[in-house]
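Trainee: Take a look and give me a structure for this.
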Amino acid sequence: MATVFKPTTHGKYAYETFREFAKRNSNNHLNNNQNVCIQAVAFVLNGANEKVRYLHNCEDLIRAVRLSGFQVRSRKSNLKKNATVGSAREVIKKLKAKEEEKFFWFQVPTRAYIVRLEGHILLLDGEGKTIVDTDPRKVDRRKVTGFYAVSFLHDVKNAEMHMNSPIYRKDNEQIKRGVY
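Mentor: Modelled structure (predicted):
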């Protein structure tokens with residue numbers, strides 16, 4: 001585990017693991033093992049926040065989403081060098097058109113995209129609309145540092161569980177109102 005050096009009043013460095021640092025600086029006062037924005041995204045993705053104990057960074061979120069039965073793949077190569085959230089929405093529309101054009105029976109359609117920003121994570125649907133954003137912006141020019149496609153696995157055992165997930169139900173009033 002990575003070690004963070006923290007200066008002390010004695011002029012020496014105290015050793016602190018990343019988890020200790022993340023728990024101490026967490027923005028979630030009810031559960032300092034999970035950050036608020038990552039917890040909201042994980043909750044919408046089939047309750048992935050209950051699959052793991054820690055949700056402090058994007059790697060924790062991806063691990064939790066995969067444990068929930070979803071497939072997560074990086075799509076950062078489809079973005080330009082200094083991509084923003086707005087340009088990521090345009091890329092999602094192009095990816096959807098390409099996916100519909102070359103769709104085979106064995107392919108799994110992408111249902112959502114995890115967008116990692118500097119110090120924040122949000123979730124977009126397959127059309128580029130916001131599903132979860134705990135820090136919404138009217139004009140979003142935040143720089144994208146990670147871009148991941150989320151789809152469910154071709155597993156009959158998990159199919160019913162995924163269909164009950166909020167990202168698959170179009171009639172879910174909580175998602176439409178923005179209440180998680």
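
Trainee: Give me the helices and strands touching the longest helix anywhere in the chain, please.
Mentor: Longest helix of the chain, by residue count under DSSP state H: helix 85-101. With contacts taken as 3 or more C-beta pairs under 8 Å, 6 or more residues apart in numbering; DSSP states H and E, helix 85-101 sits against strand 112-117, strand 120-125, strand 144-152. No exception for glycine: its C-beta is placed from N, CA and C like everyone else's.

Trainee: If you count neighbours, what's buried in that helix?
Mentor: The neighbour-count criterion (16 or more other C-beta atoms under 10 Å) identifies Val85, Ser87, Ala88, Arg89, Val91, Ile92, Leu95, Lys96, Glu99 as the buried residues of helix 85-101.

Trainee: for stretch 41-58, same thing?
Mentor: Applying 16+ other C-beta under 10 Å to stretch 41-58 flags 41-46, 48-49, 51-52, 54-56, 58 as buried.

Trainee: Farthest pair within those residues?
Mentor: Using C-beta to C-beta, the pair of the buried residues of stretch 41-58 lying farthest apart is Asn46 and His56, separated by 19.9 Å.

Trainee: domains in the protein, as residue ranges please.
Mentor: 1-32, 33-177 (automatic domain parsing).
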